[in-house]
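Undergrad: give the three-dimensional model of this entry:
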Amino acid sequence: MSNKPFVLLGKEIPKGKRTVIDLKIAKLHTRTTVNVPVIIEHSHNPGPVVLLLAGIHGDETNGVGIVREVINQKLNKPKNGTIICIPVFNIFGYLIQTREFPDGRDLNRMFPGTQNGSLASQFAYQFSEKIAPFVDYVIDFHTGGGERDNVAQIRCNKDDERGLELAKVFNPPIIVFSNNIVKSLRETLYKMGKTVLLFEGGKTKELNPTIINEGVNGTRNVLIHLGLLEGELNVKATPIFVKKAKWLRAPDSGMFKVRASNGTFVKKKEVLGVIQDPFGEFNKKIYAPFDGHIFCINKTPIVNKGDALFHLSII
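TA: Residues are numbered from 1 along each chain as shown. All right, here's what the predicted structure looks like:
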């Protein structure tokens, strides 16, 4: 058992006390300093270090809501080990509710970053050097981009045995086998030997109570399983495993009316939605090409030909 002090961002973290450290990014053009609050709860007892991180895309507010609710319910106060919460990672994007960093880059394609690169790359580098090495497990909370509405799900690599075990413990409605994306946070952490869960739920610029509840319950399950909290796992049902999937795309442009419900099983030739024109002259039905579960629906009212509409599992 190590008696070494726990040091993060150059500061020794006292046991049994809430510590908030600001991860410094940069200054706005107004010279206003922008910091990312890092909330640390370090128990008196040894155990793993778990990072709960949201808002890597600034408009993905459901994830922010999940981490906020974890803190509100004091689930981030461990009996053993350490829990680090970063409710808003991309603070720049969060301030103006955009996905990107101020330099126009997707922060989740900039890891592990560089010391002297773009602003997003420098920030990714700070995280990769100053926080990532000190954690054991990470839950990274996301939503669907734009109007794409995701059923609560965990995405993990099918070859990641530890991640898959933890995904089952999280007990989401759906577990999607998904390869790591080059230069993403998940890929970088995986290469560092960390166990990572990527949560997807809802869409941007919303606080969906169902999604937030799924995220909080799953996080609690993981923390109990890892021994940081005491209690019983809340297992609702066996997750649906999506091993292969296909996006159904709009065959025409027009007004999009959704007929199917997210998270449901649909049969081949079932009507999932309708594309119409505003003049009452065009009506194109979208049929399911095969049996499968819908786990993401594009809720935008106007679509263009080729737009992704439904993400459907292939059985």
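Undergrad: only C-alpha atoms from now on, for both contacts and neighbour counts.
TA: OK.
Undergrad: how about residue 201, what does it touch?
TA: 62-63, 142-144, 149-153, 211 (Cα atoms under 8 Å, 6 or more residues apart in numbering).
Undergrad: burial measure for the residue nearest to it when sequence neighbours are not counted, as a count.
TA: Once flanking residues are discounted, residue 201 sits nearest to residue 152: 4.2 Å by Cα to Cα, 6 or more residues apart in numbering. For residue 152, the neighbour count with other Cα atoms under 10 Å is 24.
Undergrad: what residues does the lengthiest helix in the chain touch?
TA: When the chain is parsed with DSSP state H, its longest helix is helix 209-225. Helix 209-225 has contacts (Cα under 8 Å, 6+ apart) with 62-63, 65-67, 69-70, 75, 139, 151-152, 166, 169-172, 199, 201-202, 229-234.
Undergrad: and residue 82, what is it in contact with?
TA: 40-43, 47-50, 228.
Undergrad: give me the distance between it and residue 7.
TA: To residue 7, residue 82 is 12 Å away according to Cα to Cα, to the nearest Å.
Undergrad: residue 39 now?
TA: 13 Å.
Undergrad: the more surrounded of the two?
TA: residue 39 (20 against 13).
Undergrad: which SS class is that one?
TA: strand (DSSP: H, G, I helix; E, B strand; the rest coil).
Undergrad: count the neighbours of the residue lying closest to it once chain neighbours are set aside for me.
TA: Spatially, and ignoring its direct neighbours in sequence, residue 39 is nearest to residue 20 (4.6 Å; Cα to Cα, 6+ apart). Neighbour count of residue 20, defined by other Cα under 10 Å: 15.
Undergrad: same thing with residue 251?
TA: Neighbour tally, residue 251, other Cα under 10 Å: 16.
Undergrad: if you look at the contacts of helix 209-225, which of them are in strands?
TA: 139, 151-152, 199, 201-202 (DSSP state E).
Undergrad: between those residues, which is nearest residue 300?
TA: residue 202 (13.4 Å; Cα to Cα).
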